[in-house]
Each structure stands twice: as C-alpha cells, then as structure tokens.
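Undergrad: got a predicted structure here, sequence first:
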Amino acid sequence: MTTPDACAPGTLGGQLRVALTRISRRLRNQRGEADLPEGQFAVLTTIYKHGPMTPGALADHEHIRPPSMTRTVNALAELGLVTKVGHETDKRLVLVELTTTGRDEVRETRRRREAWLTKNLGQLTPEERQTLAAASELLVRIASR
C-alpha cells in the first residue's frame, strides 16, 4: 500500500527519477550489431525519422556543436551506416543519409529494446500493466511540458 508521503511531489519525483534512469540505462544496453554509443545511435534515429539532413541541421536537432556532429557523422560514415551526398540545390552543402546498413541498425536496436521491454512487461500482472498504461499517459504529459 502506498503511503500519503510516497505520493508527495518531492518524494515521488525522486522515485520516478531513479526508476526512469535505471530503465533508460537498461534499454540503452540493448543495442544492434554495431554496438554504437547512444549519441551516434541518436543521430541514426534522427535521420531515420526525418530523412537526410545537413550536418548543421543534425547538430541543431541533437543540441550539440557542429564540430562534434562532424566527428559523429565521420565515424558513422566509416562504419558504413551513413553516407554523405551532395545537396540537390545548394552544391556547397552535403546531406547525411542512412545506408541500408544504417537503417538495419536502427531497426535491430529498436527490435532488441522492444523485446527487452516486452519480456519484462510480460512478467507483470494484468493489473500492474494497466497501472503502467495509465502512468505512461501521465509521463508523456509531463515530458511534453
């Protein structure tokens, strides 16, 4: 049974922070064949979701400095996960796009993360999963603020 103090915003906030951090860490450990650092995988995911982008647009999207993004893009290109192609209308720019291998890496990492989460959710009772479904809606609301 939950005590009233456990529901106080300060107490609940600390418990959620710890739980979300641990779950996030466990999910990040579920990786594809390339075993990429999370920052590199985030770049692949951004391109997967939004399509080819300039390194500058990627840096803005990921909230990192352009020189850091250049290093990340170069590392991903060396692994054969992205390729740099000329911009259609502005020949001074390059676009970074996923290769087939890069697309496969995103899909495999996502598949492994979903499998880990599904396995662990399957060990809960239907009532516990129902509670998590309700909590998930609230967490999405909090995250969107």
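TA: Thanks, I have the structure now. Bear in mind that the values here come from a model prediction, so they are computed numbers and not experimental data.

Undergrad: buried residues in the lowest-mean-pLDDT helix or strand in the chain?
TA: For the chain, counting by mean pLDDT, DSSP states H and E, helix 9-28 ranks last in confidence among helices and strands (a mean of 91). Of the residues in helix 9-28, those with enough neighbours to count as buried (16 or more other CB atoms under 10 Å) are Leu27. No exception for glycine: its C-beta is placed from N, CA and C like everyone else's.

Undergrad: which helices and strands sit right next to it?
TA: Where contact means 3 or more CB pairs under 8 Å, 6 or more residues apart in numbering; DSSP states H and E, helix 9-28 is packed against helix 100-122.

Undergrad: residue ranges with poor pLDDT in the protein?
TA: 1-4 (pLDDT under 70).

Undergrad: geometric centre of it: which residue is closest?
TA: Ala42 (5.4 Å; CA atoms, centre = their mean).

Undergrad: quick one: it and His63 touch, right?
TA: No. Ala42 lies out of contact with His63 (CB atoms under 8 Å); the separation is 10.2 Å.

Undergrad: ok, back up a step: any idea how far the next helix or strand after the least confident helix or strand of the chain is from the chain center?
TA: Note on helix 9-28: by DSSP states H and E, the next helix or strand toward the C-terminus is helix 38-50. Here helix 38-50 shows a centroid-to-chain-centroid distance of 7 Å under the convention CA atoms, centre = their mean, to the nearest Å.

Undergrad: only the buried residues of helix 38-50, if you could.
TA: 40-47.

Undergrad: before we move on, what about stretch 62-76?
TA: Quick answer for stretch 62-76 (16+ other CB under 10 Å): 62, 64, 69, 72-73, 75-76.

Undergrad: with only the CA atoms kept, save that stretch in PDB.
TA: Listed next in PDB are the C-alpha coordinates belonging to stretch 62-76 (Å, rounded to 0.1, in the frame of the first residue of the first chain):
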ATOM      1  CA  GLU A  62      20.700  16.900 -31.300                       C
ATOM      2  CA  HIS A  63      21.700  20.100 -29.400                       C
ATOM      3  CA  ILE A  64      25.400  19.600 -30.000                       C
ATOM      4  CA  ARG A  65      28.100  21.700 -31.600                       C
ATOM      5  CA  PRO A  66      28.800  21.400 -35.300                       C
ATOM      6  CA  PRO A  67      32.400  20.100 -34.800                       C
ATOM      7  CA  SER A  68      31.100  17.300 -32.600                       C
ATOM      8  CA  MET A  69      28.500  16.400 -35.200                       C
ATOM      9  CA  THR A  70      31.100  16.300 -37.900                       C
ATOM     10  CA  ARG A  71      33.100  13.800 -35.900                       C
ATOM     11  CA  THR A  72      30.000  11.700 -35.300                       C
ATOM     12  CA  VAL A  73      29.000  11.800 -38.900                       C
ATOM     13  CA  ASN A  74      32.500  10.800 -40.000                       C
ATOM     14  CA  ALA A  75      32.500   7.900 -37.500                       C
ATOM     15  CA  LEU A  76      29.200   6.700 -38.800                       C
END
